[in-house]
Every structure is written in C-alpha cells, then in structure tokens.
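Enquirer: return a 3D structure for these sequence lines:
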Amino acid sequence: MDHSNVIFSSDFRLKTPQLLSVVQNVCFKVLMRKTGVVFTGEARIGKTSCCEALVEEIPKRFPNVYVFMIPAIGDNSNDERYSSIIHQMLDLEKIKPGSRVTFVQRQSLLVERLLIRAAQVNARQIVMLIDELQRLSAADFIQLADLYNKLRSQKVTLTIISFAMPSIDKAVVQFLKDKSRNIIGRLLSDIRPMYGVTSLTQLTSILKLYDVPSNYDGSEICHCSNILPKAYSCGFRISSLSEYVWLEMSRVATGDYVNNLPMEHVTQVVLYLFVILSQEDRNDLFVPPDLIVEAIHESNFKAFCRNIGR
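Expert: As a prediction, this is how the structure comes out:
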C-alpha cells in the first residue's frame with residue numbers, strides 16, 4: 001500500500017456534515033459582523049478540525065477579513081491582572097516587548113499589530129479563532145472584551161469564534177456570580193453544542209465520503225478506489241461496513257460517548273481497515289467481523305472511554 005496516500009497526511013480533513021454545519025454557521029456570524037460564537041463538545045469529536053478548517057474556509061468566502069487561529073494555553077498565575085491570552089497573541093506575532101514595558105503598552109502593541117494585519121488585506125473585520133477556550137482565565141476574558149472595544153474604537157470589528165470543552169459552562173456561572181454580565185454578553189452569549197457521530201445513518205454518510213470522488217489539493221480522488229482498486233471495481237464500498245462499525249463501537253462506548261462516537265476514533269478505525277485490507281485487495285474481498293473488532297481495539301477506543309468518558 002502507498003502510505004503517501006492523502007488520508008494518512010496530518011492535514012487530511014473529511015468534509016463531514018458537522019464540519020459543514022459549523023462552517024456555514026460561522027460564515028453567517030462573520031457576514032453579520034457578530035461578536036462570535038462558542039462551540040462546545042467532548043474531546044476528540046472534531047472541534048480542532050473544525051477550527052483548522054475555518055482558517056482556510058473563511059478567507060475563501062471573505063477575502064477582506066483578517067483571520068488567525070490561536071490554541072489557548074492555560075496559566076496558573078494568581079495575579080488577576082495577568083492575561084495569558086494577550087501574551088500568547090504577542091508570542092504568535094513574535095512581538096517581544098522588554099521587561100519594563102507595561103501591560104497596557106503590551107496591549108497597545110498587540111492592537112497596533114492587528115490593525116496592520118487587517119490593513120494588509122484591506123479588512124475592517126478580524127476573525128479570531130480560539131481552540132480550547134476553557135483553558136482561559138477570567139482575566140483573559142476581560143482582556144478579550146477590552147481588545148474588542150479597542151479595535152472597535154478604530155472602526156474594526158472583532159469576531160471571536162471559539163471551541164471548548166463543555167466545562168466552559170463553569171465560566172458562565174462564575175461571571176454571573178461576579179455580576180460580569182457584560183463579559184457573557186460580549187463573549188459567551190451564544191454557546192452551541194457539537195457532537196460526534198450520533199447515529200448509524202450519520203456514520204454511513206461519513207464513510208461514504210471515502211467511497212466517492214472528492215477534491216483535494218486541486219485534484220479529484222476516491223480514497224476507496226485508490227486503496228482497494230480491485231475490490232472497488234467489483235462493488236466493494238467501505239461504507240458497507242458502517243453497520244458493523246456502529247454496532248461494535250456502540251457496544252464499547254461508555255459515558256459521554258454513548259451515541260456520540262468521537263470522529264478521531266472513527267477515522268482511526270477506517271484507516272486501520274484500509275491498511276489491512278489493502279494487503280488482501282481482490283475482486284471478492286470479504287471483511288470478517290473480527291477485523292472490525294480488531295480495528296476498534298487498535299484505535300484504543302475502549303481505554304479512551306474508560307479514562308475520559310465518565
């Protein structure tokens with residue numbers, strides 16, 4: 001098997017119904033110049049993939065919008081004035097202020113750089129994509145609200161699109177206790193749940209994406225026919241295994257992953273099947289149920305559910 005196949009590359013991304021829905025929703029927010037939206041979901045269901053896809057998709061639809069992505073990193077500082085997100089953005093821009101530069105000056109340096117970035121694409125709107133939003137502190141949210149206001153004073157709209165674990169709800173509760181409703185209104189008023197694969201029908205439609213030609217890097221490619229040419233020519237389709245995969249993964253799933261299969265593990269199962277089956281490609285290819293069990297075991301799905309699925 002040719003392991004240089006695109007499905008083994010780190011930037012390969014299936015255009016699943018979930019991803020397309022997120023892109024459509026976000027593009028509407030951008031079009032309407034909304035403050036933003038927060039998508040929440042369990043680990044490995046596809047949040048980061050959606051975030052990465054938006055980095056590519058938003059500029060295609062809105063060439064005069066400046067877009068950037070930052071994966072949030074938590075900070076254990078007890079100083080309420082300290083904002084990890086501002087320093088992370090400075091690092092992203094490779095701005096290294098001296099030790100004597102005050103926080104207000106650092107913030108001004110960041111705003112100035114963002115305005116320059118926006119001007120480079122003739123933009124009056126900036127879209128900031130944040131992955132792992134739940135890692136940010138209360139000070140970070142306050143500074144994001146300040147950043148929004150500072151950019152607005154320069155006639156530039158900041159739209160913040162975020163992805164987070166469901167624990168982000170705790171931040172909303174805390175801001176309510178602190179009577180910081182302005183932070184909720186600005187950054188946390190639109191929280192939308194994301195899910196993994198929730199039904200056999202949905203899993204079938206996802207596996208069919210491997211069976212039909214799709215555009216990748218300017219060329220059409222059908223993954224199933226490319227990897228299993230003999231079997232494919234005689235009617236084999238990887239989506240024909242969806243019921244077996246669904247039943248076995250559902251049997252293993254526990255906690256938050258019951259009827260909510262994580263996309264990362266689904267794709268790992270498919271890749272494993274392709275690798276093994278490519279060594280036996282023939283016109284009358286048969287896939288024994290034991291191989292599907294083995295593929296799910298190799299994806300480490302059971303241990304993942306036991307350790308994280310609650």
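Enquirer: only C-alpha atoms from now on, for both contacts and neighbour counts.
Expert: Will do.
Enquirer: separation between residue 253 and residue 202?
Expert: Counting by C-alpha to C-alpha, to the nearest Å, the separation of residue 253 from residue 202 is 17 Å.
Enquirer: which one's more surrounded, the two?
Expert: Using other C-alpha atoms under 10 Å, the more surrounded residue of residue 253 and residue 202 is residue 253, with 22 against 17.
Enquirer: that one and residue 307 touch, don't they?
Expert: No. Counting by C-alpha atoms under 8 Å, residue 307 is not a contact partner of residue 253; they are 11.6 Å apart.
Enquirer: any common contacting residues for these two?
Expert: Common contacts of residue 253 and residue 307, defined by C-alpha atoms under 8 Å, 6 or more residues apart in numbering, are absent altogether.
Enquirer: how about the strands of this structure, start to end?
Expert: Taking DSSP state E as the criterion, the chain contains strands spanning 36-40, 66-71, 125-131, 157-164, 191-193, 214-216, 219-221.
Enquirer: winner for burial among these?
Expert: Of those, the one with the most neighbours on average (mean count of other C-alpha atoms under 10 Å) is strand 157-164, at a mean of 25.
Enquirer: what's the distance between the most centrally placed residue in the chain and residue 56?
Expert: The chain has residue 48 as the residue nearest its centroid, 2.3 Å off, counting by C-alpha atoms, centre = their mean. Going from residue 48 to residue 56 by C-alpha to C-alpha gives 13 Å.
Enquirer: any idea how far residue 187 lies from residue 228?
Expert: Look at residue 187 and residue 228: by C-alpha to C-alpha, they are 48 Å apart.
Enquirer: still on that earlier bit, thinking the residue nearest to the centre of the chain is in contact with residue 131, fair?
Expert: Yes. If you go by C-alpha under 8 Å, residue 48 and residue 131 touch, sitting 6.5 Å apart.
Enquirer: need the residues touching each of the two.
Expert: Residues touching both residue 48 and residue 131 (C-alpha under 8 Å, 6+ apart) are residue 163.
Enquirer: surely residue 126 is in contact with residue 154?
Expert: No. Here residue 126 lies out of contact with residue 154, judged by C-alpha under 8 Å, at a distance of 12.0 Å.
Enquirer: show me the contacts for the residue nearest to residue 66 when sequence neighbours are not counted.
Expert: In space, and not counting its chain neighbours, residue 66 is closest to residue 126: 4.8 Å by C-alpha to C-alpha, 6 or more residues apart in numbering. Each residue near residue 126 by C-alpha under 8 Å, 6+ apart is listed here: 65-67, 118, 156-159.
Enquirer: quick one: which of the residues you listed is nearest residue 240?
Expert: Of all the contacts of residue 126, residue 240 sits closest to residue 67, with 39.3 Å by C-alpha to C-alpha.
Enquirer: what's across from that closest one in the sheet?
Expert: For residue 67, the beta-bridge partners are residue 127 (DSSP bridges).
Enquirer: what's the distance between it and residue 110?
Expert: Residue 67 is 15 Å from residue 110, by C-alpha to C-alpha.
Enquirer: how many neighbours does the closest residue in space to residue 122 that isn't next to it in sequence have?
Expert: Nearest residue to residue 122, sequence neighbours excluded (C-alpha to C-alpha, 6+ apart): residue 64, at 5.7 Å. Applying other C-alpha under 10 Å, we find 18 residues neighbouring residue 64.
Enquirer: wait, residue 64 sits on residue 127?
Expert: No. Residue 64 is not in contact with residue 127 according to C-alpha under 8 Å; the separation is 10.9 Å.
Enquirer: report the contact partners of the residue nearest to the centre of the chain.
Expert: Shown in contact with residue 48 (C-alpha under 8 Å, 6+ apart): 131, 163.
Enquirer: tell me what angle the longest helix seen in the chain forms with strand 66-71.
Expert: The helix that spans the most residues within the chain, counting by DSSP state H, is helix 103-120. Interaxial angle of helix 103-120 relative to strand 66-71 (axes from the mean of the first three to the mean of the last three C-alpha atoms, to 10 degrees): 130 degrees.
Enquirer: so which elements touch helix 103-120?
Expert: Helices and strands touching helix 103-120, by 3 or more C-alpha pairs under 8 Å, 6 or more residues apart in numbering; DSSP states H and E, are helix 84-92, helix 138-153.
Enquirer: between those helices, which gets nearest to residue 208?
Expert: Residue 208 sits nearest to helix 84-92 of all these, at 38.2 Å, using C-alpha to C-alpha.
Enquirer: name the helices or strands packed onto that closest one?
Expert: For helix 84-92, the elements it packs on are helix 103-120, helix 138-153, judged by 3+ C-alpha pairs under 8 Å, 6+ apart.
Enquirer: dump the C-alpha coordinates for the longest one into PDB.
Expert: Read that as helix 103-120. What follows is helix 103-120 as a C-alpha-only set of coordinates in PDB (Å, rounded to 0.1, in the frame of the first residue of the first chain):
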ATOM      1  CA  PHE A 103       0.900  45.500  30.300                       C
ATOM      2  CA  VAL A 104      -1.100  48.500  28.900                       C
ATOM      3  CA  GLN A 105       1.800  49.100  26.500                       C
ATOM      4  CA  ARG A 106       1.900  45.500  25.500                       C
ATOM      5  CA  GLN A 107      -1.800  45.500  24.800                       C
ATOM      6  CA  SER A 108      -1.300  48.600  22.600                       C
ATOM      7  CA  LEU A 109       1.500  46.900  20.700                       C
ATOM      8  CA  LEU A 110      -0.800  44.000  20.000                       C
ATOM      9  CA  VAL A 111      -3.700  46.200  18.900                       C
ATOM     10  CA  GLU A 112      -1.300  48.100  16.600                       C
ATOM     11  CA  ARG A 113      -0.100  44.900  15.000                       C
ATOM     12  CA  LEU A 114      -3.600  43.500  14.500                       C
ATOM     13  CA  LEU A 115      -4.600  46.800  12.700                       C
ATOM     14  CA  ILE A 116      -1.600  46.400  10.500                       C
ATOM     15  CA  ARG A 117      -2.500  42.800   9.700                       C
ATOM     16  CA  ALA A 118      -6.100  43.900   8.900                       C
ATOM     17  CA  ALA A 119      -4.900  46.700   6.700                       C
ATOM     18  CA  GLN A 120      -2.800  44.300   4.600                       C
END
